[in-house]
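1. starting from these lines, generate the structure:
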Amino acid sequence: MFSRNLIKALLLLSLLLMLACGDSAEEPSAASAPKSGLDIIGVANLKSHLEWLADDVREGRAAGEAGYDAAAEYVAEFFADVGVQPAGDEGFYQRVPLVSYQIDPDSTSVVVHRDGEDRERAYREHYGMSGDKVRSENLVRAEVVYVGMGVHAPEFSYSDYDGVNVEGKIVAVFGGAPSTFEHYARAYYASGRTKAQEAVRRGAIGSIGLRSRRSQENMSWGRYKQRTGKRPGMSWVSLSGEASDYFPELRGSVTISAATADELFEGTPISFEEALDKMEADEVASVPLGFEFSLSRRSSHESLTSPNVIGMVRGTDPELADEYILYSAHLDGVGIDPAPETDDNINNGAYDNALGISIMLETARYFAANPPARSILFIALTAEEKGLLGSDYFAHYPTVPSDSIVSNINLDMPLFLYPVADMVAFGSEHSSLESVVAEAANAEGFELTPNPIPEENLFVRSDQYSFVRRGIPSIYLIPGFTSSDPDIDSEALFREHIKEYYHKPGDDLARPVDWGSVVRFTRAHIRIGENVANDPQRPAWNEGDFFGERFAR
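-> This next block holds a predicted model:
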């Protein structure tokens, strides 16, 4: 038997060993140390967000529908979990009042009046038409005047309205703007809002949309007619009850097929093929077409709301904390396809824009743990797919003082189909943000490259443009067209995605993702905001800048 003293000695030795082991266990090794700073960004979290948001259960996250509301709740709960503060009107939510408008397909009528004959055209077969934002019934009949791209840009010595009078007329107009314009001006003048404003200013009362060869290539008429009029349009509603971007002077609008345009232009001073050629050559060829056109429709309306989800990380500097860097990405998708081309009818929107939201969420995680001098706002936006509605509403009714927002960094459909070697920051060249973006990109091994696709007019087609229009220097980030693997034709993969997967059910979790590039891109995304947030000087528009001259506060 052991003596009592020996037992005590053994027990004391055991206790000392346990304490020693406990001290050793509490000292983590380098491999198990908790991650901090930019090392917090990893594949697992990014991938987890993407898989949840782009799951079939979310049904494509269409604004105003259950899948979107579930996604909004997911974002709000994530913000709360990582320590991001609520910054909406109702906690994390800013309820955006919307009007949904739907055309009655059986009510539509388009008639060509020529040489004493009335020739009726068939809905979807010859033309497409959506509902009216406000009116329950529309009827307009007038002469038709062809006005090219409908662009009036005296600073570039160009006007499609030279020599024609459109007062009380219907204008036939192509999308786009002259390729000779600098890409930023091209984007501005290609905007549907800009075209409508000019047409109304000149007294037009209706419009006929013409499809360019590139539009025909990007979307066949067969696909277009499957979609037209199937889903309701939307507009946000002001506090005074007015629908946004509504032009009551335009009493009707329609888009016609290329075959119908061929027929309409036959026997006029210019054939449709000639009009296409002139438009592609940036030559003004506007002319009255010598016939009348009438259209009518009925529309129904429904009021609803859909939330922006807004969180904030409070800045640490007493003087700068009342200024804000605004990170944005749209949370909504296009939802269920009402006329599916395959058995899969869910437009999951994995790249557009579940991955953009995923990157923004991990950016929020970082800043919640590492607050900078200025405050940071994070907004998951609703109804981008309906016309930048959530961002435009917030830009008009911000939940912080409007002059306290110093810049916007937006994400929309970042494609990582290959190992990415460069970044594009649409809009950075307009302000002091360009050098900040270049520095952040280079720090993560990316080159900052110019806009590779100016013909797409992307700068006015995503949410940052809502903030540009309110005078806020803004950028829209995407991965570039250069792969670090020289054997990969990265531009071909990008264009294939646009043609085959964009706004289609195929944009789902089966799409390839180069996760290493996503992590580096997310870190660069963070660096941009952090550098701006810690800079004593606000971002500023460049002297004489095109957008700064028009919109700067």
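2. which strands or helices does the helix or strand where N138 lies pack on?
-> If you go by DSSP states H and E, N138 is part of strand 137-146. With contacts taken as 3 or more CB pairs under 8 Å, 6 or more residues apart in numbering; DSSP states H and E, strand 137-146 sits against strand 170-174, strand 206-210, strand 287-313. Just so you know, the C-beta spots here come from the backbone N, C-alpha and C atoms, and that holds for glycine as well.
3. chain center to it: distance?
-> Its chain's C-alpha centre and that of strand 137-146 lie 32 Å apart, by CA atoms, centre = their mean, to the nearest Å.
4. contact partners of the helix or strand that comes right after that strand?
-> Remark: after strand 137-146, the chain's next helix or strand is strand 152-153, criterion DSSP H and E. With CB atoms under 8 Å, 6 or more residues apart in numbering as the test, strand 152-153 has contacts from 158-161, 177-178, 181, 185, 189, 198.
5. thinking again about what came up before, give me the sheet partners of the strand holding N138 and which way each runs.
-> Sheet pairing for strand 137-146, assigned by DSSP bridges, gives strand 170-174 (parallel), strand 287-313 (antiparallel).
6. just the ones you listed: most buried one?
-> Highest mean neighbour count among these (mean count of other CB atoms under 10 Å): strand 170-174, with a mean of 27.
7. quick one: residues in contact with that strand.
-> With contact meaning CB under 8 Å, 6+ apart, strand 170-174 is reached by 140, 142-150, 195, 199, 204-212, 252, 264, 275, 279, 289, 293.
8. tell me the angle the helix or strand just after it makes with strand 170-174.
-> Downstream of strand 170-174, the next assigned helix or strand under DSSP H and E is helix 183-190. Here helix 183-190 runs at an angle of 150 degrees relative to strand 170-174 (axes from the mean of the first three to the mean of the last three CA atoms, to 10 degrees).
9. packing partners for the following helix or strand past helix 183-190?
-> Heading C-terminal from helix 183-190, the first helix or strand you meet, by DSSP H and E, is helix 192-201. Here helix 192-201 touches strand 170-174, going by 3+ CB pairs under 8 Å, 6+ apart.
10. the strand it packs on versus strand 206-210: what angle between them?
-> Using the same axes, to 10 degrees: strand 170-174 against strand 206-210 is 30 degrees.
11. for strand 170-174, output the C-alpha coordinates as PDB.
-> The C-alpha coordinates for strand 170-174 follow below in PDB (Å, rounded to 0.1, in the frame of the first residue of the first chain):
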ATOM      1  CA  ILE A 170     -44.700  59.500 -82.100                       C
ATOM      2  CA  VAL A 171     -40.900  59.000 -82.300                       C
ATOM      3  CA  ALA A 172     -39.400  55.800 -83.700                       C
ATOM      4  CA  VAL A 173     -36.100  55.400 -81.800                       C
ATOM      5  CA  PHE A 174     -33.100  53.000 -81.400                       C
END
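12. closest one of the contacts of strand 152-153 to I376?
-> Minimum separation from I376 among the contacts of strand 152-153 (CB to CB) is found for A185, which lies at 31.7 Å.
13. show me what contacts that closest one?
-> Taking CB under 8 Å, 6+ apart as the test, what A185 contacts is 153, 156, 177, 546.
14. where does the stretch 301-450 of the chain dip in pLDDT?
-> Applying pLDDT under 70 to the stretch 301-450 of the chain flags residues 338-342.
15. again, 50 this time
-> Along the stretch 301-450 of the chain, segments meeting pLDDT under 50 span 339.
16. any chance you could map the strands in it?
-> In the stretch 301-450 of the chain, the strands defined using DSSP state E, counting those that start in this stretch lie at 324-330, 335-336, 346-347, 375-381, 405-411, 422-426, 447-448.
17. again, but for the stretch 451-553 of the chain
-> Ranges of strands within the stretch 451-553 of the chain are 474-479, based on DSSP E, counting those that start in this stretch.
18. what about E447, neighbour count?
-> Neighbours of E447 under the rule other CB atoms under 10 Å: 13.
19. isn't it up against A425?
-> No. Between E447 and A425 there is no contact under CB atoms under 8 Å: 11.5 Å.
20. need the residues touching each of those two.
-> A441.
21. coming back round to it: would you reformat the strands of the stretch 301-450 of the chain as JSON lines and include distance to D245?
-> Shown next, in JSON lines, are the strands of the stretch 301-450 of the chain (distance: least, CB to CB, whole Å):
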{"stretch": "strand 324-330", "distance to D245": "17"}
{"stretch": "strand 335-336", "distance to D245": "22"}
{"stretch": "strand 346-347", "distance to D245": "24"}
{"stretch": "strand 375-381", "distance to D245": "16"}
{"stretch": "strand 405-411", "distance to D245": "19"}
{"stretch": "strand 422-426", "distance to D245": "22"}
{"stretch": "strand 447-448", "distance to D245": "33"}
